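Peer 1: requesting a structural model of the entry that follows:
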Amino acid sequence: MTGDAASLRAASVRTGGRDRLLPTTLSIPTGTVTAIVGRNGSGKSTLLGVLAGEIAPTTGEALVGGSPASSLTARELARRRALLAQDTHVAFGFTVRDVVSWGRAPWRGTPQSADDDAVVAAAIAAQGLDDLVDRPVTSLSGGERKRVHIARVTAQQADLLLLDEADSDLDLVGRRTVDAAARQHADRGGTVVVVSHDITRISHACDRVVLLRHGLLIADGPRDDVLTESLLTQAFDAEVRVVADDGGVVVRMR
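Peer 2: The predicted structure follows:
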């Protein structure tokens, strides 16, 4: 697959009298891992939600797989993109297997549903959850619950994977697993967009970076062109030091 997995055309979001995302034109190339970076409140989750078609822009347009998100049904959207939102709660005693199986809902009634059991099993195994499959998700630790939801969106088998702070609550091994899964998905022709506060770590996994400041897109491009001292200092309103480090960068406050 070639072209853009998702794009925005002068898309903005204004709610409650506040501009959460200023008019933004952006392309997410297929086959890449893109990191969205910025301070808290800079519009990262809003931007991700618009790219996913979950948040309708106040002005402009979002496209997913080349089609306007507003023209797609919920099921059509779910077949094109999988979204792991920042706040995902399961209130009842559904098992790990139950929750991961929800990722197959968009394919119900299609020939792809014949693979449901194998896809769910593979997603569970990839997150190291085999010993927990019959446990209620409500009984798990925060990190274990996060891995369950990562397995759920992986089982969805959408070309575009959108992860909002998927690394929160995860230990070092869990974060490495998420980064490896993102890289493998892109290398197989899929596309990943990830919001993360761990700039040093995510720099080793991503190809491109989108940098936001107060809802404004201030930079978008290859990782090494965006993760610079001048741009990060501008985005974070604080002096930042950037040092090259074996396929990524180390970012520190001065």
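
Peer 1: using CSV, write out every CA atom in stretch 233-240.
Peer 2: This file holds the C-alpha atoms of stretch 233-240, laid out as CSV (Å, rounded to 0.1, in the frame of the first residue of the first chain):
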residue,chain,number,x,y,z
THR,A,233,12.8,24.3,23.4
GLN,A,234,10.1,26.2,21.5
ALA,A,235,7.5,23.4,22.1
PHE,A,236,8.2,23.0,25.8
ASP,A,237,8.9,26.6,26.7
ALA,A,238,12.1,25.4,28.4
GLU,A,239,15.7,24.9,27.3
VAL,A,240,16.2,21.4,26.0
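
Peer 1: now it, how far from the centre of its chain.
Peer 2: Using CA atoms, centre = their mean, to the nearest Å, we find the averaged C-alpha position of stretch 233-240 to lie 24 Å away from the chain's own average C-alpha position.

Peer 1: what do you get for stretch 112-128?
Peer 2: Here stretch 112-128 is found 20 Å from its chain centre; the criterion is CA atoms, centre = their mean.

Peer 1: what of stretch 24-40?
Peer 2: Centroid separation between stretch 24-40 and its chain, computed with CA atoms, centre = their mean, is 9 Å.

Peer 1: pLDDT of it, averaged?
Peer 2: pLDDT averaged over stretch 24-40 equals 96, rounded to a whole number.

Peer 1: how about the helices in the stretch 51-200 of the chain?
Peer 2: Under the criterion DSSP state H, counting those that start in this stretch, helices of the stretch 51-200 of the chain are mapped to 74-80, 96-101, 116-126, 142-155, 172-187, 199-203.

Peer 1: show me what counts as buried in the longest one.
Peer 2: Judged by neighbour count using 16 or more other CB atoms under 10 Å, the buried positions of helix 172-187 are 174-175, 177-179, 181-183, 185-186. Just so you know, the C-beta spots here come from the backbone N, C-alpha and C atoms, and that holds for glycine as well.

Peer 1: please name the residues that touch the most centrally placed residue in the chain.
Peer 2: In the chain, the C-alpha closest to the average C-alpha coordinate belongs to residue 163, at a distance of 2.0 Å (CA atoms, centre = their mean). Contact partners of residue 163, counting by CB atoms under 8 Å, 6 or more residues apart in numbering, are 84, 150, 153, 178, 182, 192-195.

Peer 1: gap between it and residue 175?
Peer 2: From residue 163 over to residue 175 the distance is 12 Å, taken as CB to CB, to the nearest Å.

Peer 1: show me the shaky parts of this protein.
Peer 2: In the predicted model of the chain, residues 1-2, 87-89, 91 satisfy pLDDT under 70.

Peer 1: quick check: residue 202 touching residue 195?
Peer 2: No - Residue 202 sits out of contact with residue 195 when judged by CB atoms under 8 Å, with a separation of 9.2 Å.

Peer 1: shared neighbours of the two, anything?
Peer 2: A shared contact of residue 202 and residue 195, defined by CB under 8 Å, 6+ apart, is any residue touching both; here these are residue 35.

Peer 1: for the stretch 151-254 of the chain, which segments count as strands?
Peer 2: Shown for the stretch 151-254 of the chain, the strands assigned by DSSP state E, counting those that start in this stretch span residues 160-164, 191-195, 208-213, 216-222, 240-244, 249-253.

Peer 1: got the buried residues for the longest one?
Peer 2: In this case it means strand 216-222. Burial within strand 216-222, assessed by neighbour count using 16+ other CB under 10 Å, is assigned to 216-217, 219-220.

Peer 1: where along the stretch 1-150 of the chain do the strands fall?
Peer 2: For the stretch 1-150 of the chain, the strands defined by DSSP E, counting those that start in this stretch cover 4-15, 18-29, 33-37, 59-64, 67-68, 81-84.

Peer 1: which residue is the nearest non-sequential neighbour of residue 79?
Peer 2: Beyond its immediate neighbours in the sequence, the residue positioned closest to residue 79 (CB to CB, 6 or more residues apart in numbering) is residue 106, lying 4.8 Å away.
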